[in-house]
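Enquirer: Build me a structure from this.
(chains A and B)
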Amino acid sequence: MKSKSILTNKLVISLLFIFLVWFCAYDIDWSKLAAFSWSGFGQTLAQLMKPDFTIFYDGSGEDILSLMVITVGIAFVGTTIGTILCIPFVLFASKNLWKGNTIIPAIGKFVLDILRAFPELVYAIIFIKVVGPGPFAGALAIGVHQIGMLGKLFTEEMELMDDVPVEACHAVGANGIQTMFYARIPQLLPIYASLVLNHFEIGVRSASTLGLVGAGGIGAVLVFAIQARRWGRVSMILLTVIATVFLLDVLTGIIRKKLR
Amino acid sequence: MKIKDTVHFQWYKSFFIVFIILVCFLASATLTEASFYEVFENLDQAVAFLEELSRPDFSYLPKLVDPMIKTLKMSALGSLIGVIFAIPVSFLATTVVTKNVIITQLFRLILNIVRTIPNLLLAALLVAILGIGDATGVVTIAIFTFGMVSQLIYETIETIDMAPIEAAESIGANKLQIAVWSVWPQVMLNVLSYFFYAFEINVRASVVLGYVGAGGIGVTLSNALGLFKYDRASLIIITIFIVVLIIDSLSEAIRRRIE
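Expert: Next comes the predicted model:
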């Protein structure tokens, strides 16, 4: 009976699933959640609903608007550094640029994997040691992390690209550099630009968290406000971050659609 | 592509774009007090740091097993909760089943807002509300997964085959029945594959969640960095790297078999 075996299969899978969920859930300390009270949460929520607009702009340079502008600046500098510095890595890691040689691209990919493995926070800590706490440390942290991220994506696009124009260039006697400029770059530039814009947006998101370790931007102010439980400030800052990311999302979306 | 579209005829456009990017870069660089000179001057600091990182303290490995397993459990549970909540919401965020534009736009707006909050900020907020601990990490991961996976699911729902829906409609099925019997079987496997994708991302993200007190191996990492035990920190990062690599290849294999 085939239907019977399907039924037992389903039963076994469900039991296995339930066991896995139980295994994952049982030694996590849920007591904190048990202490959670809806009335306290309601109060917090009510306070979160009343953002403190007075701190949005007061001209002191420490207000939310100028910090948000700095955060976007960190992401811009970081993404630019990442984009420029990832290009040599891409040239090393792309398989189709090294005819027959498999070792060099493998090494290039491994280096990119390692660069991506470290979280941005760790880079931020390294660069705070190098250039001191401040927005520039955050920009460098994002930049180095973006080398890994963009490098991987750029390499994948380079390997997936249409080889016909390259062959055409070779056929008329172009050398490697000429094929690069006349066949590869024109094809890849719109895709790369779209990826860079996407990562600029991701960069803004991470720049707003790097303040946690002292790497500038809006994160530090937010964490202080959360620790002091000044929910009016918290909601104002979150509102600004959300609005900015949303705006950039729409803006880069328009540009990316035009690039296609 | 016409000859007018080539680089030689469009150079002023490229020049303009480069000029704009340059202006933005210089403005941002002054804003962030960038001094590239300083980077090269103090590079020995980074080299010293990397030197310490390059000597991982392998004797610390046994103490890492428990937090690592806990991190995996937290990620799995959080991803599961997030996906379970994402399924009904993503049905509401498309017009395929509900045929109601207002509900769709409302849910999409909510999902967009949930997605814009960086997960570290979400964790910090939830730690303040729920307190420090693993459970907070699970809730953070669940909310983060919810935002991410909902979008993936509703985009998938929009690409499905409409014939089964029409068939179900013609025999008088209600909306819930359409969702369960016509749409769900078509997207089920994609949802499973998104679960693994989310799990992968969440294991990576759990490294930083511990930084604000949301449990897992991130707490161990932030303690090691706080105590300047860089040999331990590097071991933790290497462990996470290897675990993520294993999960990466596992989930890719599973996803390929599903598809």
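
Enquirer: For residue 99, the count of nearby residues, please.
Expert: Looking at chain A here, since you left the chain open. By other C-beta atoms under 10 Å in any protein chain shown, 6 other residues sit near A:K99. Quick note: C-beta positions are derived from backbone N, CA and C, even for glycine.

Enquirer: if you could check chain B rather than the one you did, that'd help
Expert: Neighbours around B:K99, by other C-beta under 10 Å: 10.

Enquirer: Residue 149 sits in which helix or strand?
Expert: The chain I'm using is chain A. Here A:M149 is covered by helix A:135-160, with elements defined by DSSP states H and E.

Enquirer: You answered for a different chain; I wanted chain B.
Expert: helix B:134-157.

Enquirer: Kindly report the same for B:L106.
Expert: helix B:101-116.

Enquirer: next one: A:A174
Expert: Going by DSSP H and E, A:A174 is not in any helix or strand.

Enquirer: Setting the sequence-adjacent residues aside, check what's closest to it.
Expert: A:Y182 (6.7 Å; C-beta to C-beta, 6 or more residues apart in numbering or on different chains).

Enquirer: cool, and B:T104?
Expert: Going by C-beta to C-beta, 6+ apart, B:T104 has B:T95 as its nearest residue, at 5.2 Å.

Enquirer: what's the burial count for that neighbour?
Expert: 14.

Enquirer: Around chain B, which positions in the stretch 151-260 of chain A sit nearby?
Expert: The stretch 151-260 of chain A comes close to chain B at residues A:186, A:205-206, A:208-209, A:212-213, A:216, A:219, A:222-223, A:226-227, A:229, A:234, A:238, A:241-242, A:245-246, A:249, as judged by C-beta under 8 Å from any C-beta of the partner chain.

Enquirer: Check these for burial and list the buried ones.
Expert: Among these, those that count as buried by neighbour count (16 or more other C-beta atoms under 10 Å in any protein chain shown) are A:205-206, A:208-209, A:212-213, A:216, A:219, A:222-223, A:226, A:234, A:238, A:241-242, A:245, A:249.

Enquirer: now, which of those lie within helices?
Expert: A:205-206, A:208-209, A:219, A:222-223, A:226, A:234, A:238, A:241-242, A:245, A:249 (DSSP state H).

Enquirer: Make CSV out of these and add pLDDT.
Expert: CSV is the format used below for these (pLDDT from 0 to 100):
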residue, pLDDT
A:R205, 88
A:S206, 88
A:S208, 88
A:T209, 86
A:G219, 84
A:L222, 86
A:V223, 83
A:I226, 84
A:V234, 86
A:L238, 86
A:V241, 88
A:I242, 86
A:V245, 87
A:D249, 84
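
Enquirer: related to what we said a few turns ago, who are the packing partners of the helix holding B:V149?
Expert: helix A:31-34, helix B:62-92, helix B:101-116, helix B:119-130, helix B:184-209 (3 or more C-beta pairs under 8 Å, 6 or more residues apart in numbering or on different chains; DSSP states H and E).

Enquirer: Name the residues of it that are buried.
Expert: Residues of helix B:134-157 classed as buried: B:134-154, B:156-157 (neighbour count, 16+ other C-beta under 10 Å).

Enquirer: Any regions of the chain where pLDDT drops low?
Expert: Just going to use chain A. Residue ranges of chain A with pLDDT under 70: A:1-4, A:32-35, A:61, A:260.

Enquirer: not what I meant, chain B
Expert: In chain B, residues with pLDDT under 70: B:1-9, B:259.

Enquirer: So it: which segments form each domain?
Expert: Here the domain parsing of chain B from automatic domain parsing is B:3-42, B:63-258.

Enquirer: Could you dump those into CSV with distance to A:T80 added?
Expert: Formatted as CSV, the domains of chain B follow (distance: least, C-beta to C-beta, whole Å):
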stretch, distance to A:T80
domain B:3-42, 5
domain B:63-258, 21
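
Enquirer: Could you identify which of those is most buried?
Expert: domain B:63-258 (a mean of 19; mean count of other C-beta atoms under 10 Å in any protein chain shown).

Enquirer: On the three-state scheme, A:F36 is what?
Expert: coil (DSSP: H, G, I helix; E, B strand; the rest coil).

Enquirer: Leaving out sequence neighbours, find the closest residue to it.
Expert: Going by C-beta to C-beta, 6+ apart, A:F36 has B:L130 as its nearest residue, at 5.8 Å.

Enquirer: Relative to B:T140, how far out is the one you found?
Expert: From B:L130 over to B:T140 the distance is 9 Å, taken as C-beta to C-beta, to the nearest Å.

Enquirer: Then B:F40?
Expert: 39 Å.

Enquirer: Only C-alpha atoms, please: export stretch A:171-184 in PDB.
Expert: Extracted in PDB, the C-alpha atoms of stretch A:171-184 (Å, rounded to 0.1, in the frame of the first residue of the first chain):
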ATOM      1  CA  ALA A 171      39.500  37.500 -32.500                       C
ATOM      2  CA  VAL A 172      40.400  41.000 -33.700                       C
ATOM      3  CA  GLY A 173      43.700  40.800 -31.700                       C
ATOM      4  CA  ALA A 174      42.800  42.700 -28.400                       C
ATOM      5  CA  ASN A 175      45.000  41.900 -25.400                       C
ATOM      6  CA  GLY A 176      43.800  41.300 -21.900                       C
ATOM      7  CA  ILE A 177      43.500  44.900 -20.800                       C
ATOM      8  CA  GLN A 178      41.700  45.900 -24.000                       C
ATOM      9  CA  THR A 179      39.100  43.100 -23.600                       C
ATOM     10  CA  MET A 180      38.700  44.300 -20.100                       C
ATOM     11  CA  PHE A 181      37.800  47.800 -21.100                       C
ATOM     12  CA  TYR A 182      35.900  47.200 -24.300                       C
ATOM     13  CA  ALA A 183      34.100  43.900 -23.600                       C
ATOM     14  CA  ARG A 184      33.900  43.200 -19.900                       C
END
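
Enquirer: List the buried residues of it.
Expert: For stretch A:171-184, by 16+ other C-beta under 10 Å, it's A:A174, A:T179, A:M180, A:Y182, A:A183, A:R184.

Enquirer: roughly how far is that stretch from the heart of the chain?
Expert: In terms of C-alpha atoms, centre = their mean, to the nearest Å, the centre of stretch A:171-184 is found 33 Å from the chain centre.

Enquirer: Pick out the residue in the stretch 151-259 of chain B sitting closest to chain A.
Expert: B:F241 (4.0 Å; C-beta to the nearest C-beta).
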